[in-house]
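# Need a 3D model of the sequence below.
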Amino acid sequence: MNLHVIPDEIPNSVQILKFSFNYLPALYNFTFQRLTSLNYLDLTRCGITFMYEDIFKYQPDLAALILIGNPLVFIAARAFSGPLALKYLSLAQSKIQSLSDIPSDNIAYLEVLDIGGSEIRSLDGLSSFHCQNLHSLQLDMNSIDRIREDDLAPLRNVHGMSISFKGNDFVNIEPGAFKSLNLSSLDFSGCLSKMDFSSLLKGLEGLKTNRLNLGLYETDPNVYIPSAALQSLCTIFVTDLDFQLQHFSDLNNFPFDCLEWIKKLDLTRAHLDSLQFNMTGPSTLSHLVLDENRFKDVCNINTRNFPLLTHLSVSGNSKQLNFSSKCLEHLGILEELDLSLSLVNPRGPCCNDQLFGLSELKLLNLSYGSQMLWSSQPFSATPQLEHLDFSHSYYTLNDSSPFSNLQNIKTLNLSWSNTSLTNVHIFKGLKNLQLLNLKGNTIQGGVLTQTELFKHVPLLETLILSSCTITAFEENLFKGLMHLRQVDLSENKLVKLSTSVFYSLHFLELNYASNAIVTVDVGSVMDLGNNSTVDLSYNPLVCNCSNFAFINWVIKNKIKVKHLMETTCNGTGTRIIDAELQCELPVVVLAFVIILVAILITLAIFCLVRRIRKYSRYSQL
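Coordinates of the predicted model:
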């Protein structure tokens, strides 16, 4: 809005003020003087250059101050005096060149300090901060090129802090600089363009942290890491380790056993075609992420080394991922398996042999896979399944009820598959199903007539039938679904809004968007409850007297109509609530017309009778 002062229209009692992208080149002790209740203040990109003393003298409750993107030249020593417990301070992209330029006397209770994207060159000045309460220190995308052991001395007695150095081009980190630090997370992603990976790890020796990010960005130069460079990892206590986009020359010789505390390992796009660590015993790893690699077969992961895995993801594999029998048989407690976007190709009938041993599996994602031949009851090896995603995949059935043993399934995604809805037994056994996605499965003939199709899913709450080329459906199709709360019938070819087919209209969200509905019988929406909605956006609705009753209902029930701005008159693009219709005559005019018609009829009858009598007299002469 290009405001230069705080407008008088802003009340003195305001607690949250978002004043970003205005123009305040300098902040004085009177700038916010009357706003004594401020708790949150956002001054992003306000062109602030100078911050003078006691700016927030009258804001004792100020807890969050956002100063992103201001070209700060001067910050007075008492610039932050006033607030009793400022907890969040962001000076990101502020051109600050040293931590010493930030006055620290009045921010003893600070929990988050964000100075990312500035021009800080070292950690000099960190010792002046009160770090006991600091939870997060964001120093990413600065110009820090080295870290000495003394630089981190103020953090030796601080526990659970998160520190981000990502995007700094480090040249040197003193060996053991992070020794004895106990952090929540440490991020060194994108920091290896000028420094050897082994030098970085030597600087981290003795560190204890829950999460350690050592990945790269797509714009970073390739880094090839030999197994010898990973030896220092054995001296780092870490539970969550991220190596995204790294290149490993040889993982076979790395003694993975030494990472005895690790629980999660992320090797996304690490250019791997096999995973063979040098191990003498089983790992304690519970989460393994191998997305966007180039495995030929699931068996190449060698999961026998990770018997405690509960989560395994091999999504987005760059090659067609073959899935041979019993590759995962050692993962007896695996709960989530994601093989999506990998053109997963089972060797032989799917999927009992491939899923052998996964009796505790609760989530299985096989979306965007290759065409499969399903064996009879293809998921009998995973009886505890609760979520199954088979979207954008094709299969051939071996029996009519492939899910009959999956009593615990809650969500089933069969969108854009070749699921035939003429098979009334296909959902047999899914008695606890709550969400069913059938989007993109073509209905032959356009009319959904199988009234017994959903009788096996009595607890269904969400049903998606969009993009199925539906033109109509049987009246009793959804009557048995007493728990239905959301129905998506968008992007079909329906010409009628029908609500009588549902068990109840009290708590129902109906999506009829992008169909071919021209007129709406107002009776079909009159019974929608206060907690129900209907979406008729992008339908060719006519705005004339044939739709007058419905348009009038919409005007009075806007809260029940979703995407009202996109619910428009066909041809004109005018919102239906803005349509100007004159379809009813005033009562006085209507009464006058009726009386006039009655008089005219009476006169006509009177004239006719007189003429007949006159004719009779002439006839007697």
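# list the contacts for residue 605?
Residues near residue 605 by C-beta atoms under 8 Å, 6 or more residues apart in numbering: none. All C-beta atoms are positioned from the backbone trio N, CA, C, and that covers glycine.
# Check which helix or strand it maps to.
Assessed by DSSP states H and E, residue 605 sits inside helix 587-620.
# next one: residue 218
Counting by DSSP H and E, residue 218 is part of no helix or strand.
# For it, give me its contacts.
Per C-beta under 8 Å, 6+ apart, neighbours of residue 218: residue 245.
# where's it relative to residue 245, distance?
The gap separating residue 218 from residue 245 is 7 Å, by C-beta to C-beta, to the nearest Å.
# With residue 10 instead?
Per C-beta to C-beta, residue 10 is found 47 Å from residue 245.
# Give the residue from these two that has the larger number of neighbours.
Neighbours were counted for residue 10 and for residue 245 using other C-beta atoms under 10 Å; residue 245 has more, 20 against 12.
# In the stretch 301-450 of the chain, where is pLDDT below threshold?
In the prediction, the stretch 301-450 of the chain carries no residues with pLDDT under 70.
# Actually, the chain.
Counting by pLDDT under 70, the chain contains low-confidence ranges at 584-593, 614-621.
# can you give me the helices in it?
Using DSSP state H, the helices of the chain run over residues 197-203, 548-556, 587-620.
# now those as JSON lines including distance to residue 424?
Below are the helices of the chain laid out as JSON lines (distance: least, C-beta to C-beta, whole Å):
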{"stretch": "helix 197-203", "distance to residue 424": "60"}
{"stretch": "helix 548-556", "distance to residue 424": "35"}
{"stretch": "helix 587-620", "distance to residue 424": "54"}
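# among those helices, which is the most enclosed?
helix 197-203 (a mean of 19; mean count of other C-beta atoms under 10 Å).
# Can you list the neighbours in contact with that helix?
Taking C-beta under 8 Å, 6+ apart as the rule, helix 197-203 contacts 147, 170, 172-178, 188, 191-192, 214, 223, 225, 228-233, 236.
# Any of the residues you listed buried? List them.
For these, a neighbour count by 16 or more other C-beta atoms under 10 Å gives the buried set as 147, 170, 172-175, 177-178, 188, 191-192, 214, 223, 225, 229-233, 236.
# Out of the residues you listed, name the ones that lie in strands.
Using DSSP state E, the subset of the buried ones among the contacts of helix 197-203 located in strands is 147, 172-173, 225.
# Pick the one among the residues you listed closest to residue 126.
residue 147 (10.4 Å; C-beta to C-beta).
# Next one: the closest residue to the closest one other than its chain neighbours from residue 243, what distance?
Once flanking residues are discounted, residue 147 sits nearest to residue 173: 4.8 Å by C-beta to C-beta, 6 or more residues apart in numbering. According to C-beta to C-beta, residue 173 and residue 243 sit 18 Å apart.
# How about residue 106?
Taking C-beta to C-beta, one finds residue 106 at 41 Å from residue 243.
# which one of these two has more residues nearby?
Neighbours per residue (other C-beta under 10 Å) separate residue 106 from residue 243, with residue 243 holding more: 23 against 18.
# Which residues are in contact with that one?
Each residue near residue 243 by C-beta under 8 Å, 6+ apart is listed here: 214-215, 265-267, 270.
# one more time with 6 Å, if that's ok
Contacts of residue 243 were listed using C-beta atoms under 6 Å, 6 or more residues apart in numbering, and they are 214-215, 267, 270.
# possible to save the residues you listed as JSON lines with distance to residue 344?
Listed next are those as JSON lines, based on distance: C-beta to C-beta, whole Å:
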{"residue": "214", "distance to residue 344": "29"}
{"residue": "215", "distance to residue 344": "25"}
{"residue": "267", "distance to residue 344": "19"}
{"residue": "270", "distance to residue 344": "20"}
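# Tell me how many other residues surround the closest residue to residue 347 other than its chain neighbours.
For residue 347, ignoring the flanking residues on the chain, the nearest one in space by C-beta to C-beta, 6+ apart is residue 324 at 4.7 Å. By other C-beta under 10 Å, 16 other residues sit near residue 324.
# How about the one 10 residues further on?
Close neighbours of residue 334, defined as other C-beta under 10 Å, add up to 28.
# I'd assumed residue 158 was in contact with residue 182.
No: using C-beta atoms under 6 Å as the test, residue 182 is too far from residue 158 to be in contact (7.8 Å).
# For stretch 116-135, list every residue counted as buried.
116-118, 120, 122-123, 126-127, 129, 131, 134-135.
# Same check on stretch 383-402?
Going by neighbour count (16+ other C-beta under 10 Å), the buried part of stretch 383-402 is 385-393, 395, 397, 401-402.
# hmm, who's touching it?
Counting by C-beta under 6 Å, 6+ apart, 360, 362-369, 371-376, 378, 405-406, 408-418, 423, 425, 428 sit against stretch 383-402.
# Using PDB, write out every CA atom in that stretch.
As requested, the backbone C-alpha atoms of stretch 383-402 are provided in PDB (Å, rounded to 0.1, in the frame of the first residue of the first chain):
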ATOM      1  CA  PRO A 383      -4.000 -59.000   6.400                       C
ATOM      2  CA  GLN A 384      -3.400 -55.900   8.500                       C
ATOM      3  CA  LEU A 385      -3.500 -53.400   5.600                       C
ATOM      4  CA  GLU A 386      -5.300 -50.200   6.400                       C
ATOM      5  CA  HIS A 387      -4.400 -48.100   3.400                       C
ATOM      6  CA  LEU A 388      -3.900 -49.300  -0.200                       C
ATOM      7  CA  ASP A 389      -3.100 -47.100  -3.200                       C
ATOM      8  CA  PHE A 390      -3.200 -48.600  -6.600                       C
ATOM      9  CA  SER A 391      -3.900 -45.500  -8.600                       C
ATOM     10  CA  HIS A 392      -2.700 -45.100 -12.200                       C
ATOM     11  CA  SER A 393      -2.000 -48.800 -12.400                       C
ATOM     12  CA  TYR A 394      -3.700 -51.600 -14.300                       C
ATOM     13  CA  TYR A 395      -4.500 -55.100 -13.200                       C
ATOM     14  CA  THR A 396      -6.200 -58.300 -14.300                       C
ATOM     15  CA  LEU A 397      -8.400 -60.000 -11.800                       C
ATOM     16  CA  ASN A 398      -8.200 -63.700 -11.000                       C
ATOM     17  CA  ASP A 399     -11.400 -63.700  -8.900                       C
ATOM     18  CA  SER A 400     -14.300 -61.300  -8.400                       C
ATOM     19  CA  SER A 401     -13.500 -60.400  -4.800                       C
ATOM     20  CA  PRO A 402      -9.800 -59.500  -4.500                       C
END
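# Can you get me a residue count around residue 242?
By other C-beta under 10 Å, the residues close to residue 242 number 22.
# Now do residue 358 against residue 309, distance only.
Separation of residue 358 from residue 309 (C-beta to C-beta) stands at 10 Å.
# what touches both of those two?
Joint contacts of residue 358 and residue 309 (C-beta under 6 Å, 6+ apart) are residue 334.
# What count of nearby residues applies to the residue nearest to residue 217 when sequence neighbours are not counted?
The spatially closest residue to residue 217, leaving aside those adjacent along the chain, is residue 190, at 4.6 Å (C-beta to C-beta, 6+ apart). Neighbours of residue 190 under the rule other C-beta under 10 Å: 22.
# again, but for residue 47
Residue 47: 15 neighbours (other C-beta under 10 Å).
# likewise residue 13?
Residue 13 has 10 neighbouring residues, counting by other C-beta under 10 Å.
# likewise residue 523?
12.
# residue contacts, it?
Residue 523 neighbours (C-beta under 6 Å, 6+ apart): none.
# The nearest residue to residue 137 once chain neighbours are set aside bridge partners, please.
Nearest-residue entry for residue 137: residue 163, 4.9 Å, with adjacent residues in sequence omitted and distances by C-beta to C-beta, 6+ apart. Counting by DSSP bridges, residue 163 is bridged to residue 137, residue 186.
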